[in-house]
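*Asks:* give me a model of this one.
(4 chains)
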2 protein chains.
Amino acid sequence: MPRKPPPPLRSEAVADRLHSAAIHLLRRVRKQDIASGEGPARFSALSVLVFGGPMTLGQLAAAEQVKPPTMTRIVSGLERSGLATRVPDSKDARRVRIRATPKGVRLLQEGRKRRIAYLAAHLEILTEKDLAALGKSVETLRRVLEQWHD
Amino acid sequence: MPRKPPPPLRSEAVADRLHSAAIHLLRRVRKQDIASGEGPARFSALSVLVFGGPMTLGQLAAAEQVKPPTMTRIVSGLERSGLATRVPDSKDARRVRIRATPKGVRLLQEGRKRRIAYLAAHLEILTEKDLAALGKSVETLRRVLEQWHD
DNA sequence: CTCTTTCATTAGCAATGCTAACGAATTATA
DNA sequence: TATAATTCGTTAGCATTGCTAATGAAAGAG
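*Replies:* Predicted coordinates for the structure are as follows:
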């Protein structure tokens, strides 16, 4: 009786190609972000601030999977560019809350729009069916990332 | 008669989520590469050398979408670590051919194995069906990247 | 033979990552 | 309450990785 033995190499094959595709995809798109005048780390942190709301430096560092000293410098850069501000915490004087400025919100949304338009333009070669399948797989991937724990 | 109007926003929605998923995926996996003792740029260049064979510095820079001065430094780092060597070109003395050493091949394959195993382990939560669909979409994505031109 | 082009390097700047060490504030404990 | 331990952010200093501009050496064009 033919059982279906789950092929144990399958997930590794997908993992390999997925990794490669992700690298090359981001390498292409990165240049669009840089066109905004801010580097990728600042842009990404700003994105967290805009969509997640104000938060402490430590929380922001954790969200970006970066150590606090690194985030201190990223925030300093954002502040110098007028895209975010440090706000003292009224309850705990050790904490510093970071908040995106209106200018920061604007720049993020413009950059996001440009980047997405650029990427979407290159997805136009796909059939509607392939695009739909890709959309579902990206959703699958989002689920994987959600449950990720080292 | 109900025609199917192609939704023009669809590709942008996919683009947006795809971008986000790629960022978060690589952020997670990056740490595995760094565990090999070499940074991501060196690791990636070494990968091109191992799978694409020896090539000139300029070709390697183009493959990695990086300017020649940057690649000069990456190769110097690889050479210091004994992972690649510069070989003078017999036909054209301006050119420098770069070749991965056996040690470089070994390190790359070990790192690759570790990284893929790590990523694959997190894909294990997926059903066989979802995994298969993801595999197909990654292939679709590879096709998109192949035809990419700025 | 001279001029131009090509290829790699050097020099110097900026952004991003890290660890170690510190200072200030808060919390826990003796 | 006074002191010790912990937490939070910063500073200092290092390495990697990206860029442009300028240099040098070799090859090709005229």
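*Asks:* what helix or strand is the residue nearest to A:L145 when sequence neighbours are not counted located in?
*Replies:* Leaving aside its sequence neighbours, A:L145 sits nearest to B:H24 (C-beta to C-beta, 6 or more residues apart in numbering or on different chains; 5.1 Å). Every C-beta, even on glycine, is put in place using the N, C-alpha and C of the backbone. For B:H24, the enclosing helix or strand under DSSP states H and E is helix B:10-34.
*Asks:* please export the C-alpha coordinates of the helix or strand following that helix as PDB.
*Replies:* Using DSSP H and E, the next helix or strand after helix B:10-34 towards the C-terminus is helix B:40-52. Extracted in PDB, the C-alpha atoms of helix B:40-52 (Å, rounded to 0.1, in the frame of the first residue of the first chain):
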ATOM      1  CA  PRO B  40      27.400  39.000   5.100                       C
ATOM      2  CA  ALA B  41      29.200  40.800   2.200                       C
ATOM      3  CA  ARG B  42      32.200  38.400   2.300                       C
ATOM      4  CA  PHE B  43      30.000  35.400   2.700                       C
ATOM      5  CA  SER B  44      27.800  36.400  -0.200                       C
ATOM      6  CA  ALA B  45      30.800  37.100  -2.500                       C
ATOM      7  CA  LEU B  46      32.300  33.800  -1.500                       C
ATOM      8  CA  SER B  47      29.100  32.100  -2.500                       C
ATOM      9  CA  VAL B  48      29.200  33.600  -5.900                       C
ATOM     10  CA  LEU B  49      32.800  32.400  -6.300                       C
ATOM     11  CA  VAL B  50      32.000  28.900  -5.200                       C
ATOM     12  CA  PHE B  51      29.000  28.500  -7.400                       C
ATOM     13  CA  GLY B  52      30.000  30.600 -10.300                       C
END
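*Asks:* counting by contacts, list what helix B:40-52 packs against.
*Replies:* Counting contacts by 3 or more C-beta pairs under 8 Å, 6 or more residues apart in numbering or on different chains; DSSP states H and E, helix B:40-52 packs against helix B:10-34, helix B:57-63, helix B:68-80, strand B:96-100, helix B:102-123.
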